[in-house]
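Engineer: Take this sequence and fold it.
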Amino acid sequence: MEENNITRIDLDDKQYILIGTAHVSKQSAEQVKQVIEEEQPDSVCVELDDQRYQSITNKSKWKEMDIFQVIKEKKATLLLMNLAISSFQRRVAKQFGINPGQEMIQGIESAEEVGAELVLADRNIQITFNRIWRNLGWKGKALLLTQVIAGIFSKETISEEELEKMKSQDMIDSMLEDFTENFPRLKEPLIDERDQYLAQKIKNAPGEKIVAVLGAAHVPGITKEIQKDHDLEQLTKIPPKSNVPKVIGWSIPVIILSIIIYTFLANPSAGWQQTVSWILWNGSLSAIGTALAFGHPLAILTAFVLAPLTSLNPLLAAGWFAGFVQAYMRRPNVNDFEKLAEDVFSVKGFWNNKVTRVLLVIVLANLGSSLGTIVGGADVIRLFFQNIS
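Structural biologist: Model prediction:
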């Protein structure tokens, strides 16, 4: 049997066979099938979490999504990022005539064929993103969101050299590689922690012979980490939110309101100027963001009316309300959910699908409102010093 990309580890009376696969290679799926059939393992571990497993095995999962629940649970940005990654994967698949994740599908099928227990060994992708998100400041969050979403608009083809490089990487890793160079702290939650999590899940797999189907980039880390014991509970904890953003979030509206109230008492005319400026900057920029997402007129109006108010309450966001109105006025139908996986492949599809339209309305309305808070707040302060002296 061909031993390329295969790492064998004997530890504590158990044998682990790690297959380092290329996520964009047809040969990898064939090798997975061959190894599992010849080794007849007790367990097969695949580099999937339950969410990605469901997306592979349950083709109707998009139809079951409740867009209103997504908004209520504040998961619109996360879902948009997941869809952007899906768009990147489908573009690579179309260019090279491959099926991303085919080696994982083969692992699932082969495990069933030989009667091995299937182990979903990767950490939940939402936990990974949440741990990444908490490690970033405002600048980092904006850059990350921009870089991931930019993948939707990119029409560049992948070169053969880039393809070869991707063959040793996780799809997510390959998308965010440049970003991790600029933000080294991301390497820990994105790669190192997942190596530890995968290693422990593989160690915990039942039986004496375990085959693990993994992206080749994770094999060196797992080979090292499997020699140690790792606390899975600790690796799946969401770090507590820093109090700094909360303090800043409440300080800004308190300062703005205090300045406007003081100005009203000292110079009512200037106070009205400040109020109008705050309303126009917040409302207009949030409405523009909603319009850029081709939101419904009522969603645009909602963003304009509510942004000046929600900007004074860190617990609320104009985009949520605009998104609810968008979803109500142009509610996604079954066809939109069925076409979602295909539509995220193109910019036109991303904007035309009613599901992604709602997500774009939420994100862009919130971005506009945030910008409006900065500009409007600065103008309120300018008017204060200009009129109160």
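Engineer: can you count the residues close to residue 30?
Structural biologist: Close neighbours of residue 30, defined as other C-beta atoms under 10 Å, add up to 14. Any C-beta I mention is one placed from the backbone N, CA and C, and that applies to glycine too.
Engineer: Spatially, what comes nearest to it if we skip its sequence neighbours?
Structural biologist: Using C-beta to C-beta, 6 or more residues apart in numbering and skipping the chain neighbours, the partner closest in space to residue 30 is residue 106 (7.9 Å).
Engineer: Make sure the one you found is indeed in a helix.
Structural biologist: Yes - judged by DSSP: H, G, I helix; E, B strand; the rest coil, residue 106 forms part of a helix.
Engineer: counting contacts, what elements does the lengthiest helix in the chain pack onto?
Structural biologist: Taking DSSP state H as the criterion, the chain has its longest helix at helix 354-387. Here helix 354-387 touches helix 67-72, helix 76-96, helix 243-266, helix 268-292, helix 297-310, helix 318-329, helix 334-343, helix 347-352, going by 3 or more C-beta pairs under 8 Å, 6 or more residues apart in numbering; DSSP states H and E.
Engineer: Which of those has the lowest mean pLDDT?
Structural biologist: In terms of mean pLDDT, the lowest-scoring of those is helix 76-96 (a mean of 63).
Engineer: Could you check how far residue 189 is from residue 110?
Structural biologist: Residue 189 is 31 Å from residue 110, where distance means C-beta to C-beta, to the nearest Å.
Engineer: In contact with residue 211: list those residues for me.
Structural biologist: Applying C-beta atoms under 8 Å, 6 or more residues apart in numbering, we find residue 211 in contact with 17, 19, 35-36, 39, 41, 43-45, 107, 116.
Engineer: Let's see which of the residues you listed end up in strands.
Structural biologist: Counted as lying in strands by DSSP state E, out of the contacts of residue 211, are 17, 19, 43-45.
Engineer: Show me this structure divided up by domain.
Structural biologist: 6-235, 243-384 (automatic domain parsing).
Engineer: Determine how far the last residue of the shortest one lies from the first.
Structural biologist: Translated: domain 243-384. Domain 243-384 has an end-to-end distance of 29 Å (C-alpha to C-alpha, to the nearest Å).
Engineer: what's the burial count for the closest residue to residue 317 other than its chain neighbours?
Structural biologist: Ranked by C-beta to C-beta, 6+ apart and with sequence neighbours excluded, the top spatial neighbour of residue 317 is residue 366, at 5.2 Å. By other C-beta under 10 Å, the residues close to residue 366 number 24.
Engineer: and what of residue 126?
Structural biologist: 15.
Engineer: tell me which element it is part of?
Structural biologist: Using DSSP states H and E, residue 126 sits in helix 125-134.
Engineer: Show me what counts as buried in that helix.
Structural biologist: 125, 127-133 (16 or more other C-beta atoms under 10 Å).
Engineer: same thing with stretch 301-320?
Structural biologist: Under 16+ other C-beta under 10 Å, the buried positions of stretch 301-320 are 301-308, 310-312, 314, 317-320.
Engineer: re earlier: residues in contact with the residue nearest to residue 30?
Structural biologist: Counted by C-beta under 8 Å, 6+ apart, residue 106 has contacts 29-30, 32-33, 213.
Engineer: Of those, grab the buried ones for PyMOL.
Structural biologist: In PyMOL syntax, the buried subset of the contacts of residue 106 is picked out as below (16+ other C-beta under 10 Å):
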select buried, resi 29+32+33+213
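Engineer: from the contacts of residue 106, which two are the most distant?
Structural biologist: 30 and 213 (12.4 Å; C-beta to C-beta).
Engineer: where does the stretch 51-200 of the chain have low pLDDT?
Structural biologist: 58-68, 70-71, 73-100, 135-186 (pLDDT under 70).
Engineer: run the last query once more with 80
Structural biologist: For the stretch 51-200 of the chain, the stretches flagged by pLDDT under 80 are 51-52, 55-101, 126, 129-190.
Engineer: tally of neighbours for residue 206?
Structural biologist: 11.
Engineer: Quick check, pLDDT for it.
Structural biologist: On the pLDDT scale, residue 206 gets 95.
Engineer: what's it in contact with, if anything?
Structural biologist: Here residue 206 is in contact with 42-43, 117 (C-beta under 8 Å, 6+ apart).
Engineer: Just among those residues, which is most surrounded?
Structural biologist: Counting by other C-beta under 10 Å, top hit in those: residue 43 with 22 neighbours.
Engineer: so what's that one closest to, chain neighbours aside?
Structural biologist: Residue 43's closest residue in space is residue 205 (C-beta to C-beta, 6+ apart), at 4.0 Å.
Engineer: thinking the one you found is in contact with residue 117, fair?
Structural biologist: Yes - judged on C-beta atoms under 8 Å, residue 205 makes contact with residue 117 at a distance of 7.3 Å.
Engineer: tell me, what's touching these two both at once?
Structural biologist: By C-beta under 8 Å, 6+ apart, the residues touching both residue 205 and residue 117 are 42-43.
Engineer: going on from whichever strand or helix holds residue 112, what's the next piece of helix or strand?
Structural biologist: Following DSSP H and E, one finds residue 112 within helix 102-114. For helix 102-114, the succeeding helix or strand toward the C-terminus, using DSSP H and E, is strand 117-120.
Engineer: can you list contacts of that following strand?
Structural biologist: 42-46, 48-50, 53, 107-108, 111-112, 201-202, 204-207, 210.
Engineer: Emit the PyMOL select command for whichever of these are buried.
Structural biologist: Buried subset of the contacts of strand 117-120, written as a PyMOL selection, criterion 16+ other C-beta under 10 Å:
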select buried, resi 42+43+44+45+46+48+49+53+107+108+111+201+202+205+210
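Engineer: Fine by me, thanks again.
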